[in-house]
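Peer 1: okay, here's the prediction I keep looking at, along with the sequence it came from:
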Amino acid sequence: MSQTPHYAMPFAIPEAQTDHIVRKMFDLSYASISPAQKLDIYWPAEGNGPFPVVVSIHGGAFMGGDKRDIQLTPMFEVLKRGYALVGVNYRMSADAKFPALIHDIKAAIRWIRANAELYLFDPQKIAVWGGSAGGYLSLMAGVGADIPELDDPAMGNPDQPSHVQAVVAWFPPTDFLKMDEQLAESGFLPPPQFAHSGENSPESLLLGQKITEIPELVRLANPETYIRPGLPPFFIQHGEMDDTVPYQQSLHFAENLRAIAPQSVTHEVLPHARHADPAFETPQNVHKVLDFLDYVLRA
């Protein structure tokens with residue numbers, strides 16, 4: 001079966017509809033290195049908090065997407081359960097290489113904690129949620145606490161911690177060098193110019209060189225590298241028919257995590273679902289995510 005990967009298709013991601021949200025603020029700077037380092041805040045219609053926070057991290061193959069595009073739409077449901085929602089932009093691979101993007105996410109988390117009183121946040125209850133590249137960054141936020149190489153406190157608020165209390169990841173890459181092999185196992189054979197191991201793949205562009213030539217840097221960029229005891233709970237879902245990021249990526253991550261901390265991961269493979277499939281955004285599936293967040297953050 002030959003497929004063209006999702007990331008290779010020319011598309012513009014429409015902006016999410018936000019008119020129905022009464023309380024919101026856009027384009028607050030959480031750092032000053034790049035114009036990309038901005039975030040949006042949405043609050044529940046009523047109440048003065050402090051609200052637990054869900055940080056939305058958009059996907060887009062490390063080269064596109066935006067904090068206000070339609071990937072945000074299912075996440076608006078957290079407002080109905082009394083969470084604040086923070087959409088975060090970060091530097092794309094054309095602007096900065098790994099680990100800049102995870103530095104950005106951590107800087108945003110520190111900013112949220114530093115400004116918790118002003119913006120009605122609960123600094124002890126922060127979750128991250130993203131899909132694809134955003135799912136990758138959500139995993140990295142979950143596993144990357146106290147890893148000096150994955151942080152840059154000089155970006156601001158160095159007195160604040162950057163850990164999170166819960167992670168939601170949809171169809172995330174977790175082990176870059178195994179992606180092509182796993183796609184082949186599932187019968188997906190993208191053209192060579194779209195191979196993940198190619199010099200122009202999203203992963204190679206993120207790391208600044210063809211990934212097969214820099215295995216040590218790839219190891220540092222893989223979320224699986226940082227699995228250890230003491231991590232927050234994870235809720236991970238992947239589509240069985242994902243022809244862009246093979247489902248084996250999150251499956252193996254969850255298996256490795258479960259071997260160390262069995263209570264810390266929930267993993268589901270959605271039958272017949274592809275990359276960014278509408279099945280992830282059904283009310284029933286989004287409620288699963290919300291129930292997980294409630295269980296972890298409101299226990």
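Peer 2: Alright, I've got the coordinates. Residues are numbered from 1 along each chain as shown.
Peer 1: doesn't residue 18 make contact with residue 24?
Peer 2: Yes. Using C-beta atoms under 8 Å as the test, residue 24 is close enough to residue 18 to be in contact (6.4 Å). All C-beta atoms are positioned from the backbone trio N, CA, C, and that covers glycine.
Peer 1: shared neighbours, those two?
Peer 2: With contacts taken as C-beta atoms under 8 Å, 6 or more residues apart in numbering, residue 24 and residue 18 have residue 42 as neighbours in common.
Peer 1: what's the helix or strand for the nearest residue to residue 151 once chain neighbours are set aside?
Peer 2: Closest residue to residue 151 apart from its sequence neighbours, by C-beta to C-beta, 6 or more residues apart in numbering: residue 106 at 5.3 Å. For residue 106, the element it lies in under DSSP states H and E is helix 100-114.
Peer 1: and whatever helix or strand comes next after that helix, what's buried?
Peer 2: As assigned by DSSP H and E, the chain's next helix or strand after helix 100-114 is helix 116-119. Using 16 or more other C-beta atoms under 10 Å as the test for burial, helix 116-119 gives 116, 119.
Peer 1: report the mean confidence score over helix 116-119.
Peer 2: Averaging pLDDT along helix 116-119 gives 98.
Peer 1: residues contacting that helix, please?
Peer 2: Here helix 116-119 makes contact (C-beta under 8 Å, 6+ apart) with 41, 50, 84, 112, 122-123.
Peer 1: got the angle between the next helix or strand after it and helix 100-114?
Peer 2: Scanning forward in sequence from helix 116-119 by DSSP H and E, the next helix or strand is strand 121-131. Angle, strand 121-131 to helix 100-114, by axes from the mean of the first three to the mean of the last three C-alpha atoms, to 10 degrees: 150 degrees.
Peer 1: other SSEs contacting strand 121-131?
Peer 2: Contact analysis of strand 121-131 by 3 or more C-beta pairs under 8 Å, 6 or more residues apart in numbering; DSSP states H and E lists strand 51-57, helix 100-114, helix 133-143, strand 166-170, helix 283-297 as its packing neighbours.
Peer 1: which one, of the ones you listed, ends up nearest to residue 94?
Peer 2: Closest to residue 94 of the helices and strands packed on strand 121-131 is helix 100-114 (C-beta to C-beta; 11.4 Å).
Peer 1: what's in contact with that closest one?
Peer 2: Contacts for helix 100-114 (C-beta under 8 Å, 6+ apart): 30-31, 34, 36-37, 39, 53, 55, 57, 62, 86, 88, 90-93, 119, 121, 123, 126, 128, 137, 140-141, 144, 150-153, 155-164, 206.
Peer 1: where does the protein have low pLDDT?
Peer 2: For the chain, applying pLDDT under 70 flags the ranges 1-11.
Peer 1: please enumerate the helices of the stretch 151-299 of the chain.
Peer 2: Here the stretch 151-299 of the chain has its helices, by DSSP state H, counting those that start in this stretch, at 179-185, 202-207, 215-221, 248-260, 283-297.
Peer 1: who does the residue lying closest to residue 292 once chain neighbours are set aside bridge with?
Peer 2: With C-beta to C-beta, 6+ apart as the criterion, residue 292 has its nearest non-adjacent residue at 4.3 Å, and that residue is residue 235. With DSSP bridges as the criterion, residue 235 is bridged to residue 168, residue 266.
Peer 1: ok, now how distant is residue 235 from residue 138?
Peer 2: To residue 138, residue 235 is 10 Å away according to C-beta to C-beta, to the nearest Å.
Peer 1: common neighbours of those two, please.
Peer 2: Shared contacts of residue 235 and residue 138, defined by C-beta under 8 Å, 6+ apart, are found at 167-169.
Peer 1: what's in contact with stretch 47-54?
Peer 2: With C-beta under 8 Å, 6+ apart as the test, stretch 47-54 has contacts from 43-44, 75, 78, 82-86, 112, 116, 120-123, 125-129, 293, 297-298.
Peer 1: buried sites along that stretch?
Peer 2: Going by neighbour count (16+ other C-beta under 10 Å), the buried part of stretch 47-54 is 49-54.
Peer 1: repeat for stretch 288-298
Peer 2: 288-290, 292-293, 296-297.
Peer 1: what's the local residue count around the residue nearest to residue 151?
Peer 2: Neighbour count of residue 106, defined by other C-beta atoms under 10 Å: 28.
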